[in-house]
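J.: test case, fold it:
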Amino acid sequence: MKKILLPARPSVNLDADEGRGYNAGGCSGFPDIALENHHRFCSVPGYRKGQSVMVHRLIILGSGPAGYTAALYAARANLRPLLIDGGVGRGQELLGAGGQLMITTDVENYPGFEHGIQGPELMHRMRQQVLRFGTEIVEDLATRVDLSERPFRVWVNEQVYQARALIIATGASARWLGLPEERPVWEGGLGGAGISACATCDGFFFRGKEVAVVGGGDTAMEEAIYLTNHCTRVHVIHRRDALRASKIMQDRAFRNPKITFVWNSVVEKVHDPAQKRVTGLTLRDVKTGETRELAVEGLFVAIGHKPNTDLFVGQLQLDPTGYIVTHHDVRTSRYAVFAAGDVQDSEYRQAVTAAGSGCMAAIQAERLLEAEGDSMPDSAPDW
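T.: Here you go, the predicted structure:
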């Protein structure tokens, strides 16, 4: 069941005359905004008096650094955004609220935290900040969207929300092996306590240690090569006897003296959740069925990411791997729809870059809405 967090503010009933009604249950409480701005914020074509329908100026789908930063800038621009925090993504069987940082322990590469910060704590602080500036938050997942006409419609189960502009910040979920040990450490697993899907984020914590990387593509080779800057030995575990990575990435990995390859093998078990740290792996040879132990202190899963874009198939331009295609930094193929963060970034996938694109999306959305005034065109030649 969805829960809506509302910033504290007085409520007033602004039912209007002349056939245009505004029900306080669906659109209330903006005494600090001029009446004409209230109408621009809330009016719906064909609206009937007493009907609890509201058109938000801006809806943000997804939280995490991109969604929260977009909400922060939009709220401070007095757009009063609605943020649906679960977006469309699920990562490690968790609701998408807060994104991948909700399953990250120490974050040491986000500016402003000299001694680092826990991922969930960083997301909590961002959440409290956007609430302070007036963002309304729906604690649930979007289940359907309709971008065919404005106002855009977003469903959370049976509840429908409408918006003049939309920012998509639903992120991307790491592909996992499906092992019980991949659950977050607070759920009895080793996620965030030795198991990771981001060498750039977490490699620093494995200085002087021996680790393993699972995968055979370019991402796995990039992760393994990066980890050699910190680790004494990197074991690349691949279920086949040949890599899928590009020739140049294969050559770089093969030439690196710190990288060894374990062919035709899969990870059966990660040790040891009881100690709340990784102490080794049980590997199974896919050809012979034999098992053996590999002593490592970290496991990096590098079998790719899946952008959380299922809701937008057929409505927005996506690249062959499912990421939203953007131009002018954050504009999608649909007028008045923006995308920010990992849902449109298959290269960097960092909290700081996601936050930056969330800022850009909010600023561009604010400029678009300001330029439109009371009109709501379906397209624009300069988009």
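
J.: from here on, contacts and neighbour counts on C-alpha atoms
T.: Will do.

J.: tell me which stretches of the stretch 151-300 of the chain form helices.
T.: With DSSP state H, counting those that start in this stretch, the ranges of helices along the stretch 151-300 of the chain come out as 199-202, 218-227, 247-255.

J.: closest to Val313 out of those helices?
T.: helix 218-227 (24.7 Å; CA to CA).

J.: relative to the whole chain's centre, how far out is that closest one?
T.: The gap between where helix 218-227 is centred and where its chain is centred comes out at 22 Å by CA atoms, centre = their mean, to the nearest Å.

J.: contacts for that helix?
T.: For helix 218-227, contacts defined as CA atoms under 8 Å, 6 or more residues apart in numbering pick out 198-200, 203, 213-215, 234, 236, 244-246, 249-250, 252-253, 256, 259, 301-304.

J.: of those, buried ones?
T.: 198-199, 203, 213-215, 234, 236, 244-245, 249-250, 253, 259, 301-304 (16 or more other CA atoms under 10 Å).

J.: restricted to strands, list the residues you listed.
T.: Residues of the buried ones among the contacts of helix 218-227 located in strands (DSSP state E): 213-214, 234, 236, 259, 301.

J.: who are the packing partners of whichever strand or helix holds Thr69?
T.: Secondary structure from DSSP states H and E places Thr69 in helix 64-76. Contact partners of helix 64-76 among helices and strands, from 3 or more CA pairs under 8 Å, 6 or more residues apart in numbering; DSSP states H and E: strand 55-61, strand 82-84, helix 119-132, strand 159-168, helix 351-372.

J.: mind listing what's buried along that helix?
T.: Here helix 64-76 shows 64-75 as buried, counting by 16+ other CA under 10 Å.

J.: about what we covered before: ranking the helices of the stretch 151-300 of the chain by burial, who's on top?
T.: Most buried of the helices of the stretch 151-300 of the chain by mean neighbour count (mean count of other CA atoms under 10 Å) is helix 218-227; its value is a mean of 23.

J.: in CSV, list the C-alpha atoms belonging to that one.
T.: Extracted C-alpha coordinates of helix 218-227, given in CSV (Å, rounded to 0.1, in the frame of the first residue of the first chain):
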residue,chain,number,x,y,z
ASP,A,218,34.1,-5.8,-21.3
THR,A,219,32.6,-4.7,-18.0
ALA,A,220,34.3,-7.7,-16.2
MET,A,221,37.7,-6.9,-17.8
GLU,A,222,37.4,-3.2,-16.9
GLU,A,223,36.5,-4.1,-13.3
ALA,A,224,39.4,-6.6,-13.1
ILE,A,225,42.0,-4.2,-14.5
TYR,A,226,40.8,-1.4,-12.2
LEU,A,227,41.0,-3.7,-9.2
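
J.: burial of Ala380, as a residue count?
T.: By other CA atoms under 10 Å, 8 other residues sit near Ala380.

J.: so what does the closest residue to it other than its chain neighbours have for phi and psi?
T.: The shortest distance from Ala380 to any non-neighbouring residue, by CA to CA, 6 or more residues apart in numbering, is to Tyr335 (7.1 Å). With angles defined as degrees, to the nearest 10, Tyr335 sits at phi -50, psi 130.

J.: ok, Tyr335 to Asn308 distance?
T.: Distance, Tyr335 to Asn308, by CA to CA, to the nearest Å: 20 Å.

J.: ok, the two, which is more surrounded?
T.: Neighbour totals were compared for Tyr335 and Asn308, and Asn308 leads with 26 against 20 (other CA under 10 Å).

J.: how close does that one get to Val343?
T.: When Asn308 is compared with Val343 (using CA to CA), they lie 6 Å apart.

J.: mind listing what Met295 touches?
T.: Just to correct that, residue 295 is Ala rather than Met. Applying CA under 8 Å, 6+ apart, we find Ala295 in contact with 210, 279-281.

J.: repeat that for 10 Å
T.: The neighbourhood of Ala295, defined by CA atoms under 10 Å, 6 or more residues apart in numbering, consists of 210-212, 271, 278-282.

J.: ditto for Leu166
T.: 56-61, 81-82, 147, 151-154, 334-339, 361-362, 365.

J.: quick one: pLDDT of the residue nearest to Ala380?
T.: Listed pLDDT for Tyr335 reads 98.
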